[in-house]
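Asks: sequence plus predicted model, see below.
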Amino acid sequence: MSIDSNYAHPDALVTTSWMADHLKDADIRIIESNEDVLLYDMGHLPGAVHIDWQRDLQDHTVRDYIQPEAFAALCSKNGITPETTCIFYGDKSNWWSCYALWVFRLFGHEKVKIMDGGRDKWIEEGRPLTREVPHYQETAYPVPASRRDGEIRAFYDDALAQSRANLPLIDVRSPGEFKGLVTHMPEYPQEGVLRGGHIPGAHSIPWKQAVNADATFKSAEDLRKIYETDIGLKPDDRIIAYCRIGERSSHTWFVLNYLLGFDHVRNYDGSWTEWGNRVGAPIEKSI
Amino acid sequence: MSYPAKLSAIIELFSGLPDPEKRETLIAYADQAKSQEPREGELFDLEDVRKDEECTDTVAIFLRLDQQGGAHFRISLGPQVQTLTRAMSSILCKGLEGVSPAEILEIPADFVPKIVGAELVRLRSQTVYYLLTRIKSVSKVWLQRQRTASLDNG
């Protein structure tokens, strides 16, 4: 299997077979990011480091991401420099690896890729895992001047303004969540949301539409049909994507940004756990 | 309420461990989850095999009662079940061995963070509590059936 050359940025993906041949490349860092908090410890790609969405990327007091100083420390600890190509992979069809990649982009790290198909595909193909935790020479990653919150991240007020202006909002949750029939993801417990439904005017395009059964991304042609032909989105549209806490919408953000070449996509990471709890937030149901 | 002796010993073991070792011990328990599955030819008094709407995969609980009325559980888990839940299946099968269903219903869930550690009990890993709930549910059904049977016989 090869990467579809019709993607806007085909170099944003690597195949599992490419990865297997480049495990020891000095200029890359393989990063595993999962939902399952102990999965890395159970076995990971040889040489891969673990970056946890909550422990490493989020502020532990305020609902926000880490600050630039902490990001620089995280990269330094893992032997990453601004020149390092970070290749992310993980469980859940790469939800959390896309999330981690998006956070790396928040801090302006340019060289990022996803291993198509993620952890499950690697294992399915019988490729090796190890429990050996690698240790890399610490680097001195420079502290980023700022976080690119205004460019690729949306907040509640941004999403509200987008809704009022009838600009494209993409709800990537399951149809039941979008309609307001349920307040939890399929196959997950409730996460403390008080109201169900969606942001008024949002399009329902579940993240899952973008992947094949083996968790690889669909072809450029298939993705264009889903997002451009069926919904009518255009590459220069200003788009906001959201889910419940921002991980599934990171996946869609990656698809729109890197695979289809949409330049103005933002991820609303507050997502439904903020919107559905916010006093006075307008909600639409479509039962 | 105090915990059953075997569960109490496991809780004590975890309580004394620093976080990295706690993690390693959880991995060791998760590795043993397969050995808690039903074995060929085993017979059970109650089987509860289902995939709840809010769960990632199937969780099957098998209960056998010994002659003293002590419960023995076997658990089989679908491949998508999280590692923490796998670890908890081993811990509960071992920790509740020989405890009566009535006693199981009284066990408080507050031991879970003592074993798992506060860092790992978080959003998207709450299913670590789920197995105890399912085990209690099986115990409750078994007790109800026993009561119904004794009424019918009486």
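Replies: Thanks, I have it.
Asks: lowest-confidence helix or strand of the chain?
Replies: I'll assume chain A. Least confident element among the helices and strands of chain A, by mean pLDDT, DSSP states H and E: helix A:175-179 (a mean of 92).
Asks: please refer instead to chain B.
Replies: Lowest by mean pLDDT, DSSP H and E among the helices and strands of chain B is helix B:111-116, with a mean of 87.
Asks: so which residues make contact with the very next helix or strand once past it?
Replies: Remark: after helix B:111-116, the chain's next helix or strand is helix B:130-153, criterion DSSP states H and E. Residues outside helix B:130-153 that contact it (Cβ atoms under 8 Å, 6 or more residues apart in numbering or on different chains) are A:189, B:45-46, B:48, B:55, B:59, B:61, B:63, B:65, B:71, B:73, B:75, B:85, B:88-89, B:92, B:96, B:101-102, B:104-105, B:107, B:109, B:112. Just so you know, the C-beta spots here come from the backbone N, C-alpha and C atoms, and that holds for glycine as well.
Asks: run through chain B and note the low-pLDDT ranges.
Replies: Applying pLDDT under 70 to chain B flags the ranges B:1, B:53-55, B:124-126, B:154.
Asks: how about a cut-off of 50?
Replies: Scanning chain B for pLDDT under 50 picks out nothing.
Asks: in it, which residue sits nearest chain A?
Replies: B:Thr83 (3.8 Å; Cβ to the nearest Cβ).
Asks: what about A:Leu233, distance to A:Val265?
Replies: Distance of A:Leu233 to A:Val265, given as Cβ to Cβ, to the nearest Å: 10 Å.
Asks: the more surrounded of those two?
Replies: Neighbours were counted for A:Leu233 and for A:Val265 using other Cβ atoms under 10 Å in any protein chain shown; A:Val265 has more, 26 against 21.
Asks: contact partners for the residue nearest the centre of chain B?
Replies: In chain B, the residue lying closest to the centroid (Cα atoms, centre = their mean) is B:Leu92, at 3.6 Å. Counting by Cβ under 8 Å, 6+ apart, B:Leu92 makes contact with B:Leu7, B:Phe73, B:Ile75, B:Leu131, B:Leu132, B:Ile135.
Asks: widest-spaced pair of the residues you listed?
Replies: Using Cβ to Cβ, the contacts of B:Leu92 span at most 14.9 Å, a distance reached by B:Leu7 and B:Ile75.
Asks: now do the shared contacts for A:Leu233 and A:Val265.
Replies: Going by Cβ under 8 Å, 6+ apart, residues that sit against A:Leu233 and also against A:Val265 are A:Ile239, A:Leu256.
Asks: quick one: secondary structure of the nearest residue to B:Ile115 once chain neighbours are set aside?
Replies: Leaving aside its sequence neighbours, B:Ile115 sits nearest to B:Phe14 (Cβ to Cβ, 6 or more residues apart in numbering or on different chains; 4.5 Å). Secondary structure, DSSP: H, G, I helix; E, B strand; the rest coil: B:Phe14 is helix.
Asks: I'd like to know how far B:Ser137 sits from B:Leu143.
Replies: Counting by Cβ to Cβ, the gap from B:Ser137 to B:Leu143 is 11 Å.
Asks: count the residues that sit near residue 84.
Replies: Looking at chain A here, since you left the chain open. 20.
Asks: that's the wrong chain, I meant chain B
Replies: B:Leu84: 25 neighbours (other Cβ under 10 Å).
Asks: closest to A:Leu13 out of the contacts of B:Leu92?
Replies: For the contacts of B:Leu92, the nearest to A:Leu13 is B:Leu131 (37.2 Å; Cβ to Cβ).
Asks: next secondary structure element downstream of the host helix or strand of A:Ser97?
Replies: Using DSSP H and E, the element containing A:Ser97 is helix A:95-106. Counting by DSSP H and E, the next helix or strand C-terminal to helix A:95-106 is strand A:112-115.
Asks: show me what that next one is packed up against.
Replies: strand A:13-14, strand A:85-89, helix A:95-106 (3 or more Cβ pairs under 8 Å, 6 or more residues apart in numbering or on different chains; DSSP states H and E).
Asks: what separation do you get for A:Arg164 and A:Phe262?
Replies: On the measure of Cβ to Cβ, A:Arg164 and A:Phe262 end up 22 Å apart.
Asks: typo on my end, A:Ser5
Replies: A:Ser5 is 18 Å from A:Phe262, by Cβ to Cβ.
Asks: who has more neighbours out of those two?
Replies: A:Phe262 (22 against 8).
Asks: dihedrals phi and psi, A:Gly108?
Replies: Phi and psi for A:Gly108, reported as degrees, to the nearest 10, are phi 80, psi 10.
Asks: do a quick rundown of the strands in the stretch 101-250 of chain A.
Replies: A:112-115, A:153-154, A:169-171, A:203-204, A:239-242 (DSSP state E, counting those that start in this stretch).
Asks: mind listing what the closest residue to A:Ile283 other than its chain neighbours touches?
Replies: Once flanking residues are discounted, A:Ile283 sits nearest to A:Gly197: 4.0 Å by Cβ to Cβ, 6+ apart. By Cβ under 8 Å, 6+ apart, A:Gly197 lies in contact with A:Phe178, A:Lys179, A:Gly180, A:Gly276, A:Ile283, A:Glu284, A:Lys285, A:Ser286.
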